[in-house]
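In: here's my sequence, what's the structure:
(chains A, B and C)
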Amino acid sequence: MSDIVLDVSDVNKRFGGLQALSNINLQIEAGKTHAVIGPNGAGKSTLLNVCIGRLAPDTGSVIFDGHVLTGKRPHQINQLGVARVFQTPEIFLDLTLVQNVEIAALAKRDGAFHFRPFKSMFKDKELTGEAEHMLEDVGLLRLKDEHTGNLSRGDKRRLELAMCLIQHPRLLLLDEPTAGMSRHDTNRTIDLLKRIKERGMTKVIIEHDMHVVFSLADWITVLAQGAIIAEGTPDQIRGNPKVQEAYLGGAHV
Amino acid sequence: MASITEFNPSTPKKDLLIMAVFTAVVLTAPIWLAPIGASYPDLLQRFAIFGIFAIGFNILFGLTGYLSFGHAAFLGIGSYSAVWMFKLFSMNALLAMAFGIFVAALFALVIGFICLRRSGIYFAILTLAFAQMAYNMAYSVLTPITNGETALTLDVADPRIIDRAILGDAKEALPSPSLFGLELTGFTSFYFCAVMLILAFWVSLKIFRSPFGLKLLAMKSNQNRMQYTGYNTKPYLLVAFVISGMYAGLAGSLMAVTDPLAGAERMQWTASGEVVLMTILGGAGTLFGPLFGAAIIKYFENIFSALNKTQLTEVFGFLPDGMAEALASVSLLFVGEGWHLTLGIMFMLVVIFLPGGLMEGIYRLTARVKRKRESGGAVSGGAVQPSE
Amino acid sequence: MDALLLQLLNGLDKGGAYALIALGLTLVFGTLGVVNFAHGALFMLGAFVAVAVNRLLSFSVQVRDESITFFEAYKQQPYLEIWFGDLGLAVIAWSVPISILVAIPVMLLIGLAMERGLIQFFYKRSHAEQILVTFGLAIVIGEIVKVLFGANPIPVQAPPAVAGPAPLGAWLGLSENLVYPWWRLIYLFTSLLIIAAVFAFLQFTTYGMVVRAGMADRETVGLLGINIQRRFTVVFGIAAIVAGVAGAMYVPILPPDYNLGMNFLVLSFVVVVVGGMGSLPGAVAAGFLLGVIQSFASMGAVKDILPGIDQIIIYLVAVAVLLARPRGLMGRKGVMET
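Out: Prediction:
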C-alpha cells in the first residue's frame, strides 16, 4: 500500500544534552492502527508532540496528507483532519454530554470561527440527532443530559472518543487511551477502538499497556532512548529479542 | 466557579415565556417596586442602566471566564461619546447611544486585542492597567475632550449641527435629550432605559442559546480541548469582549441620556470592581443573576448612602438612649460615606460563602426542597415543608 | 546633566517602592499561589503605622505657654517633652525611623492574621476568586483606615537631621548646586538593603532554600516530609513586612491617604507582569526600570513634546513589553498560564 497519511521523516530533536529523538522515520498507512511503544523516557510523548506540530523538530519534517504540520496551531491541525485523545481525558466539564459532542460536531461543520449569535441551538435538530447517534455508538446515550463532571474515567474517555469520532478525522492520535483505567474500563475501551478500526480510520496509539497494544495494533514501532529499535507486526515484535531486552525485560506478555 | 444551570436544554416556547414575563416585570417595575420605596424614575433607571452593564459584563466573564477589571473604562467612553454627540450634532438619544456603542466597540476591539494575548490574572491586570490609563488620561492629556475634573457638560452655545439645521436656532435654554421630540425626563426616561434593558436582555438570551454562546462556555471549561477540537479561540474571545464592551458603552451613553454629563470618576477601578461584584453577587454565567446583583447593589447603595446619624438614632429609638446612640455610631461606619465599607464586606462574604452567587443559592434551595419532596413525599403526601 | 541625574534618583526612589511591593507580590504568588490584590493595602498600612507612631509619640497636653507674658496663652506640649525634655523631642522627630522598627512586628502580625484568617482558605480556589476576595479585603482595609485617619493625606516629616538636602554634586565632583534630599537617599539605600536581605535569605539559609524549592515544585518538596505550608505562611509574613516597611519609609516622600494602597498596587502588578510573573529578579529589575522611565517621562522637556505622557508611560511600556515578550522580561514558561 502506498497511501501514506502521516509521513515523519528524519526527525531529530534535542533537549539540551538529551537526544530525545534521533532519525525517526515513520510512515503511517491509511486505515491502519499504528502503535508506538517503548519504556518510560523513550521519547514517545516527544514524538507525538512533534507529530501534531506542538514541538518543532530540529531537523526533518512531519507531513500529513500533503500539509506540513510543524508550526501549525492546534486548531489548524484539527481542521486538517487530525483529532487527538489526551492521556487524561480532556472534555468540557460543566457542560452536558450531548453539548460536548455538539461542540465537536460544530467545529467540523462551521470551521475554526463562526459567529452567528442569533442562531438558536434548539432549532438544529440535525446536529442534536447526530450527536445523540454518536453517543449511542459509544454507549453513553442514557447519560446525554448529565453534566460530565460525575463521569467515571472510562466514560470520560468514551466521551472524548465520541467527540473525536464525530469529526470523522482522517487521523486519530491516542495518547495512552487506557491509562489509569480499571481492567473493565480498559476492555470496554479496547472493544470500542476495535469497532472504530473496522470503519477504517487511521490511528496512532501511544501505549504502555501491552494487552491494549497487541489487541489493537496492525503495526508496531518500538522506541528506546529516542531511536526506533524495531518495527513490525505484533507477532514479529513479540518474538524480537531486542525488544524483549529493551522493553519487555522480565515482564511476561 | 458556578456551573451553568441556564444552559440546560431550554425550548423556544420557554424562552418566549421568559421574555414575556421579563418584559412585563420590567415595565411594571414602578408599580411593584413602590412598596420598598424604589419606584421613582431616578433609581429605576439606575437599575436598568447598571443591569445592562452587568448583563454585558456577564457575557464576557460569565461565559468565557475572563475576568476584566477595566470594564468601567467602556462605561466612561460611552458617556463621553454620547455627550459629544449631544454637543456636536443632535440631542436625539438614539444617535447618542449608537455613537456611544460604536466608540466603545472600537476601544474594546483594540484593548481586547492586546489584553487577550494573555489569560488569567495577566488578563485581569492588563484590563485594569488600560482602565487606569484611560482614567489618568481623562484627567490629564485628554482634558480638551473630557473637560478634566469639571466633567463634560452641555452648553447653550454647542453647535448641535443637525438639530439647528432641522429646528433652527430658536431655543435659548439648555436642551435636554429627546427621542424625536419626546423629552426624556422622569418616567419617560425610565421607560426609554427599560426598553433598552429588555432589548439588551433579549440579545443576551439569544447569545446564551446560540452555538456561539455554547462555544464561549466550552472555552471557559477547557480552552485546550477547544483548540484541539478545531476552534480558533482568540476571535471568539475578542468578539465576546467587544460585545460586552458595547453593552458597557450602551450603559454609559444611557447615563448621559438620563443626565447629560460625563466625568472620569465613572472609569475608576472601584466602578470596574462594582460591576464584577454585581455579576458574582447575582451569579456569574446565569441569565438573570447579574441583573439581580445590579439591582440589589444599587438599591442598597441608594438607601445606605442616604442614611445619616439622626435617621439611625431614630431607627434605634426603641432602645435605651445610650444603647441607641452606640448602635447608631457603629452603624454609621457602614452607611453614608461608609457605604464602600459595606460594599467591600459584601464582596468578601459573597466570594467566600456563595461564589456561585444568589442564583446558585436559589438553585441549591430549590434542589433541596425538591429532594425533600421526593424523599418525604411518600410519607407526608407531597406537602412541602421548608421548615429548616 | 544634573537634571538627568536627579530624575534618575527620583525614578530609583519610586522604583524602590514598586520593587519592594512587587517582590512581596511575587513571593506570595510563587509560594502560596495566591494573587493578592490586598498587597497594596499592606504598603498603605505600613505608611499608616508611621502616621500612628508619630501621633502616639506626639501625644500632647495643653499647657500654659510661658513664653507669652502679655496674656494667658496655651500651647500643646507633648508628654514626651514634659517627661524627657529634649530627648523626648528628639524621639518625636525621629518617629519615622522608629516606626520602621515598630512596623516590623506589627506588619508580621497583620500578615500572619491575613494569611491564616483568609488567604489560606483560597489556595485551592480559582485565581478569579482570589483576586475578588482580596480586592474586597483591600476595599475594607482602605475604608477602615479612612474611618480612623480621615480621607486626606497626612504628612509626617523625616527627622530634621536627614530632612535637608545632601550635597550630591560636591560628592560626585559636579556642580555645587546639585543637591538631593537626604531622606530619599536613605530610602533608596534601605530599599536596596531590604531587597538584598530577602535574596540573601532565600539564597543562603536552609529555610530560604526550602522555600525556593517549594516555589519550583511544591508537591515534591511536600513529599519530602517538609511542612511547606508553615514556611509559606512565614513567607507571607515576610512579604507583609517588606511592603509595610516600604510604606513606612515612604511617608516623608509622599503623605499617605487611604487610597495609596490601590494606586501602588495597580502599578506594582504592572511591574510584576513586565518583570515576568514568578520571577523575583524580574520584579526587582522591572520595578526600578519602570520607576526610572516614569521619572524621566515627567521631566518638563519630555512633557512639552508629549503632554501627559508621565501619567500613562508605565502602562504603555507594559503593553509594549507584553506584546514583544508575552512572558515578561524574565518570565518562565508555564507560570500562571492555565
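
In: every contact and neighbour count from this point should use C-alpha atoms.
Out: Fine.

In: so what touches stretch A:68-77?
Out: For stretch A:68-77, contacts defined as CA atoms under 8 Å, 6 or more residues apart in numbering or on different chains pick out A:50-57, A:61-63, A:112, B:227-232.

In: in it, what counts as buried?
Out: A:68-70, A:73-77 (16 or more other CA atoms under 10 Å in any protein chain shown).

In: anything in stretch C:312-321 near chain B?
Out: Yes - contact of stretch C:312-321 with chain B (CA under 8 Å from any CA of the partner chain) involves C:312, C:315, C:319.

In: shaky segments in chain B?
Out: For chain B, residues meeting the criterion pLDDT under 70 lie at B:1-10, B:169-172, B:376-388.

In: so which bits of it are right by chain C?
Out: Within chain B, the positions near chain C by CA under 8 Å from any CA are B:1, B:67, B:114, B:117-122, B:125-126, B:128-130, B:133, B:136-137, B:140-141, B:333, B:338, B:340-348, B:351-352, B:355.

In: who touches residue C:26 in this structure?
Out: By CA under 8 Å, 6+ apart, the neighbours of residue C:26 are C:272, C:277-280, C:283.

In: list the ones among the residues of chain B next to chain C that fall in strands.
Out: Of the residues of chain B next to chain C, none are assigned to strands by DSSP state E.

In: and the residues you listed, which are buried?
Out: B:1, B:67, B:114, B:118-122, B:125-126, B:128-130, B:133, B:136-137, B:140-141, B:333, B:338, B:340-348, B:351-352, B:355.

In: report how many residues lie close to the closest residue to chain B within the stretch 51-200 of chain C.
Out: Using CA to the nearest CA, the single residue of the stretch 51-200 of chain C nearest to chain B is residue C:136, 4.6 Å away. Counted by other CA atoms under 10 Å in any protein chain shown, the residues lying close to residue C:136 total 28.

In: not counting sequence-adjacent ones, nearest residue to it?
Out: Once flanking residues are discounted, residue C:136 sits nearest to residue B:344: 4.6 Å by CA to CA, 6 or more residues apart in numbering or on different chains.

In: related to what we said a few turns ago, so who does the residue of the stretch 51-200 of chain C closest to chain B touch?
Out: Under the criterion of CA under 8 Å, 6+ apart, the neighbours of residue C:136 are B:343-348.

In: buried stuff in the one helix or strand it maps to?
Out: Residue C:136 is located in helix C:127-149, with elements delineated by DSSP states H and E. Using 16+ other CA under 10 Å as the test for burial, helix C:127-149 gives C:127-146, C:149.

In: got the domain ranges for chain A?
Out: A:1-81+A:169-253, A:84-168 (automatic domain parsing).

In: ranking those by mean pLDDT, which is last?
Out: Lowest mean pLDDT within those: domain A:1-81+A:169-253, a mean of 84.

In: ok, and what's touching stretch A:90-107?
Out: Here stretch A:90-107 has contacts from A:127-128, A:131-132, A:134-135, A:143-149, A:156, A:159-160, A:162-164, A:166-167, B:3-4, B:8, B:211, B:214-215, B:218, B:221-222, B:225, B:229-231, using CA under 8 Å, 6+ apart.

In: got a ChimeraX select line for the buried ones in those?
Out: Selecting only the buried entries of the contacts of stretch A:90-107 in ChimeraX, with 16+ other CA under 10 Å as the criterion:
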select /A:127,128,131,132,134,135,143,144,146,147,148,156,159,160,162,163,164,166,167 /B:3,4,211,214,215,218,221,222,225,229,230,231
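
In: which two from the buried residues of stretch A:68-77 end up farthest apart in space?
Out: Maximum pairwise distance among the buried residues of stretch A:68-77 (CA to CA): 14.3 Å, between A:68 and A:75.

In: need the pLDDT of residue C:253.
Out: Predicted confidence (pLDDT) for residue C:253: 90.

In: for it, phi and psi?
Out: Backbone torsions of residue C:253, given as degrees, to the nearest 10, read phi -80, psi -40.

In: I'd say it and residue C:182 touch.
Out: No - the criterion here is CA atoms under 8 Å, and residue C:253 misses it with residue C:182 at 11.0 Å.

In: how about stretch B:364-376, does it reach chain A?
Out: No - using CA under 8 Å from any CA, stretch B:364-376 never reaches chain A; the gap is at least 15.5 Å.
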